[in-house]
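> Give me a model of this one.
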Amino acid sequence: MTSTTTRLAEKAGIRKIVHYQEEILLENGQAPAVPVVRATVAAVVSNPWVGTGPETDLSPATEQLAPPLARVLTDRLLESLGGAGQVEAFGKAAIVGTAGEIEHAGALIHTPYFGNLVREFLEGSSIICFADDRAEAGQALVVPMWHKTQAATRSHYQTITTRVSDGPRADEIVVVAAASTGPRPHPRIGDRVTDPAVTSAVLEGASA
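As a prediction, the model looks like this:
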């Protein structure tokens with residue numbers, strides 16, 4: 001971790017970073033035509049809103065915490081996957097501990113202070129698909145991803161599962177950024193540009 005990343009991690013109050021990476025070598029007995037590496041980077045941070053009520057303004061803490069989280073998580077993804085030019089799909093997620101609101105998870109990933117920066121750093125333009133949850137420590141979370149510039153590209157609809165063994169504690173939030181260097185293995189379900197016209201009437205025999 002660079003000194004800059006360390007400073008940002010300290011600014012965000014990150015207790016732990018968990019990096020998970022996988023490469024599928026065989027799918028249904030055959031190597032994928034496009035070798036793909038997928039990864040998640042999760043940061044465990046203190047929940048600054050524990051003990052506050054539903055009327056609490058979440059903005060000040062969001063503006064302070066979300067940008068360094070976006071930088072730290074994407075820096076680690078870029079380092080492991082070979083740079084933004086190698087990333088084709090992305091996603092984001094958060095798990096809030098049991099003492100927090102689900103809105104606390106959303107505050108750290110569903111605002112421009114995180115989402116816009118993750119998109120910028122990974123050189124994307126699509127809206128980032130997401131998952132969020134409230135759970136006890138060790139809960140696995142399935143993070144969806146899609147193409148970073150062409151969200152309707154079905155070949156890149158995929159998921160990756162991540163977990164932190166000791167987080168989130170009740171007063172913590174786990175924030176996740178995910179990325180993939182390519183599509184699912186053996187994609188072959190077509191796309192919107194190749195889809196036939198399908199409606200319930202067409203399926204019942206009417207002409208398109």
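> Please count neighbours and contacts with C-alpha atoms only from this point.
Will do.
> ok, how many other residues are close to Ala12?
The tally of other residues near Ala12 (other Cα atoms under 10 Å) stands at 22.
> Now do it, the pLDDT please.
Note on Ala12: pLDDT of 78.
> if I look at it, how far off is Thr153?
34 Å (Cα to Cα, to the nearest Å).
> what do you get for Ala84?
Using Cα to Cα, Ala84 is found at 19 Å from Thr153.
> list the buried ones in the helix ranked longest in the chain?
The single longest helix within the chain, with elements called by DSSP state H, is helix 59-81. For helix 59-81, burial by neighbour count (16 or more other Cα atoms under 10 Å) applies to 62-63, 65-78, 80-81.
> now the helices for the protein?
3-12, 59-81, 102-109, 115-121, 200-203.
> To Pro168, which of those lies closest?
Smallest distance to Pro168 across those (Cα to Cα): 11.0 Å, for helix 102-109.
> Now do the closest one: which elements does it pack against?
When contacts are defined as 3 or more Cα pairs under 8 Å, 6 or more residues apart in numbering; DSSP states H and E, helix 102-109 packs onto helix 59-81, strand 89-96, strand 129-134, strand 172-180.
> you'd agree Ser155 is up against Met145?
No: assessed by Cα atoms under 8 Å, Ser155 is found out of contact with Met145, at 10.8 Å.
> So which of these two has more stuff around it?
Set Ser155 next to Met145 and count neighbours by other Cα under 10 Å: Met145 wins out with 27 against 18.
> so who does the more buried one touch?
Neighbouring residues of Met145 by Cα atoms under 8 Å, 6 or more residues apart in numbering: 89-92, 128-130, 156-160, 178-180.
> Glu22 too?
Val37, Arg38, Ala39.
> sorry, back to before: closest to Pro187 among the contacts of Met145?
His156 (8.3 Å).
> Ala201: neighbouring residues, count only.
Neighbour tally, Ala201, other Cα under 10 Å: 10.
> Over to Thr111?
15.
> Could you state which residue of the chain sits nearest its centroid?
Central residue of the chain (Cα atoms, centre = their mean): Lys92, 1.9 Å from the mean position.
> Which one of the helices and strands packed on helix 102-109 lies nearest to Thr149?
Proximity to Thr149, assessed across the helices and strands packed on helix 102-109 by Cα to Cα, is greatest for strand 89-96 (8.2 Å).
> Between strand 129-134 and that closest one, find me the angle.
10 degrees (axes from the mean of the first three to the mean of the last three Cα atoms, to 10 degrees).
> what helices or strands is strand 89-96 leaning on?
Using 3+ Cα pairs under 8 Å, 6+ apart: strand 89-96 touches helix 102-109, strand 129-134, strand 141-147, strand 172-180.
> Point out the most buried one among those.
strand 172-180 (a mean of 30; mean count of other Cα atoms under 10 Å).
> Show residues contacting that strand.
By Cα under 8 Å, 6+ apart, strand 172-180 touches 36-47, 69-70, 73-74, 77, 87-97, 100, 105, 108-109, 118, 143, 145, 160, 167-168.
> show me where pLDDT drops low in the chain?
Along the chain, segments meeting pLDDT under 70 span 1-3, 5, 207-208.
> Just the C-alphas of stretch 13-32, formatted as PDB.
Output of stretch 13-32 as PDB, limited to C-alpha atoms (Å, rounded to 0.1, in the frame of the first residue of the first chain):
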ATOM      1  CA  GLY A  13     -11.100   5.000   9.300                       C
ATOM      2  CA  ILE A  14     -10.600   1.700   7.500                       C
ATOM      3  CA  ARG A  15     -10.000  -1.200  10.000                       C
ATOM      4  CA  LYS A  16      -9.300  -3.900   7.400                       C
ATOM      5  CA  ILE A  17      -9.100  -4.400   3.700                       C
ATOM      6  CA  VAL A  18     -10.100  -7.800   2.200                       C
ATOM      7  CA  HIS A  19      -9.100  -8.500  -1.400                       C
ATOM      8  CA  TYR A  20     -10.600 -11.500  -3.200                       C
ATOM      9  CA  GLN A  21      -9.700 -12.500  -6.800                       C
ATOM     10  CA  GLU A  22     -10.600 -15.400  -9.000                       C
ATOM     11  CA  GLU A  23      -9.900 -16.700 -12.500                       C
ATOM     12  CA  ILE A  24     -12.000 -19.300 -14.200                       C
ATOM     13  CA  LEU A  25      -9.800 -21.800 -16.000                       C
ATOM     14  CA  LEU A  26     -12.500 -24.300 -17.100                       C
ATOM     15  CA  GLU A  27     -16.300 -23.900 -17.500                       C
ATOM     16  CA  ASN A  28     -18.200 -27.100 -18.400                       C
ATOM     17  CA  GLY A  29     -14.900 -28.800 -19.200                       C
ATOM     18  CA  GLN A  30     -13.600 -26.100 -21.600                       C
ATOM     19  CA  ALA A  31     -11.400 -23.000 -21.200                       C
ATOM     20  CA  PRO A  32     -13.300 -19.700 -21.700                       C
END
